[in-house]
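Asks: this is a predicted model, with the sequence first.
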Amino acid sequence: MVRLFFTAGLLLTLISPVCAASRQLTCYLDGGVVSREVAVVKGYAEVALPSGMVPGSLRVKPENGSVIIRVESLPARVDPRTEKALALLDERTELLGDRLRALQTREEIFTAAAKSQSAKAPRKSKANPEPVTAIRQGTDLALTRLEEVYRLRRTTERELKGVEAKRMDLSRRANVGGSIARIRVQGRCDAVTVAYASRDAAWKPSYDLRLDGPDTAVLTLRALLPETETGTFVTVTPTPLASPALPSDPLPVAGDYAAVTNYTLPAVATATTSPLASLSVALTNSTRLTLPSGAAACFWKGEFRGTAHLPAIHPGERVEVLCGFPSETLTPATGR
C-alpha cells in the first residue's frame, strides 16, 4: 500500500505543469522528488542520476503523444583525471589515519611515562643527589612531549577533515556511485520529463513564534532547504516520502529559510522580565494539518526571547513551550 501511494505521488509530480522552470524539486521530511525536462535529439536522451537516488523510483514521461521504447540505466563513468585525484585523496586519508594511530600510541607512552615519573619515591644517592629535581625534570619532559603530541593530533585531524570534505565535493561533482539513464523515444518529441526520488533532498522545518499578547500566537513556518541548482522551482510538503496518505498541494518556497506559510493559533503566554524564565507558551494546533517538528525562534512584542524546539503537533493537540532553554524546551502535551 505504501509503495502504491508513493508511486501515485511521483506520477502526480510528473503530470503537474512545469511552473516556469524545467527543473522542479519537491522536498519531503526525509527526501525529495526531482523532476526535470531532458532534451531529446533524434529519438535519444541521456540524463545523469545521482548516487542518492532511491532505487526503483525513476519515472520518464513522453511528450506530444510519443512513445518511450527503452530506458537503460548504466553506472556513471568517472573521468580518468577525477579517478586519479580521488585516488590521491584516498592515499592521503590513509596516511593521515596512520599518523593518528601512531600519535595515539605516542600519547599512551608519554602519559604512562608522566604517571611513572610523578609516582616515583625520591631516594637520594651519590648518583642522584637531588631526587626531587630529577623526578620533576622527568615529569616535565614527559608532559612537554605529550603537549607536542596533542598539537600534532589537532593539526592532523583538521587536515583529515579538509581532505574528506574535498573528496566528498569531488565525488558529488563527478557523480561517483551514480548512474546514467539512456532513453529511446519513438515519434515526434523534443523533450521528456524525468523524475526520481532522492534521500539527499529533504527539507527541515523551522519556525518563528511571535506573540503580541497572552492569547494569540503567529507561527511562521520556514524551510531550510538542501543544496539546489540555480533556477530550480522548489516546493515543500510536511510529510515523509512513503506517507500512506497523499499530501495536499506542495507549498512553494522562494529560497532557503524563506517563509512558507503563517498560522494564527490560540495560545496562553506568560512573559516575565526574569532572564531565567523568559517566555512560556501553551500552544494549540487549531489547524487541520499536523505541524512538523522543528526549531523555533520566540518573540514577545517584537523582542527575541530565545529558542525552543517544537515537536510534531497534531490537529487539536496542545504543547507547552519554554523559550530560552534549548536543552529543556518542552513539557509533555497536555491533551487535545
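Replies: That came through fine. Residues are numbered from 1 along each chain as shown.
Asks: quick check: E157 touching L100?
Replies: Yes. With contacts defined as CB atoms under 8 Å, E157 counts as touching L100 at a distance of 7.1 Å. (Glycine included, C-beta is placed from N, CA and C.)
Asks: would you check that K301 makes contact with D212?
Replies: Yes. Proximity of K301 to D212 meets the contact threshold set by CB under 8 Å, at 5.5 Å.
Asks: which stretches in the stretch 151-300 of the chain count as strands?
Replies: Counting by DSSP state E, counting those that start in this stretch, one finds strands in the stretch 151-300 of the chain at the ranges 179-186, 191-198, 204-211, 216-224, 233-236, 251-253, 259-271, 279-284, 294-300.
Asks: again with the stretch 1-150 of the chain
Replies: Using DSSP E, counting those that start in this stretch, the strands of the stretch 1-150 of the chain run over residues 23-27, 32-39, 44-49, 59-61, 67-75.
Asks: run the chain-centre distance for the first one.
Replies: If I follow you right, that is strand 23-27. Distance, stretch centre to chain centre, for strand 23-27: 17 Å (CA atoms, centre = their mean, to the nearest Å).
Asks: tell me the strands beside that strand, with direction?
Replies: Pairing partners of strand 23-27, with direction, according to DSSP bridges: strand 32-39 (antiparallel), strand 233-236 (parallel).
Asks: is it possible to export these to JSON lines including mean pLDDT, distance to R173 and mean neighbour count?
Replies: Putting these into JSON lines (pLDDT from 0 to 100; distance: least, CB to CB, whole Å; neighbours: other CB atoms under 10 Å) gives the following:
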{"stretch": "strand 32-39", "mean pLDDT": "91", "distance to R173": "17", "mean neighbour count": "22"}
{"stretch": "strand 233-236", "mean pLDDT": "92", "distance to R173": "21", "mean neighbour count": "23"}
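Asks: neighbours of the closest residue to L103 other than its chain neighbours, just the number please.
Replies: Sequence neighbours aside, R153 is the residue nearest to L103 in space, at 4.9 Å (criterion: CB to CB, 6 or more residues apart in numbering). Look at R153: counted by other CB atoms under 10 Å, it has 16 neighbours.
Asks: give me the spatial nearest neighbour of H314, chain neighbours excluded.
Replies: Once flanking residues are discounted, H314 sits nearest to T290: 5.1 Å by CB to CB, 6+ apart.
Asks: and C323, by the same measure?
Replies: Of all residues not flanking C323 in the chain, C298 sits nearest, at 3.5 Å (CB to CB, 6+ apart).
Asks: for the one you found, grab the count of nearby residues.
Replies: Count around C298 with other CB under 10 Å applied: 27.
Asks: so who does it touch?
Replies: 209, 211, 278-279, 281, 304-308, 321, 323-324 (CB atoms under 8 Å, 6 or more residues apart in numbering).
Asks: among these, the buried ones, what's the PyMOL command?
Replies: The following PyMOL line selects those of those that are buried, judged by 16 or more other CB atoms under 10 Å:
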select buried, resi 209+211+278+279+281+305+306+307+308+321+323+324
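Asks: which of the contacts of C298 lies closest to R173?
Replies: Within the contacts of C298, the smallest distance to R173 is 34.9 Å, found for T307 (CB to CB).
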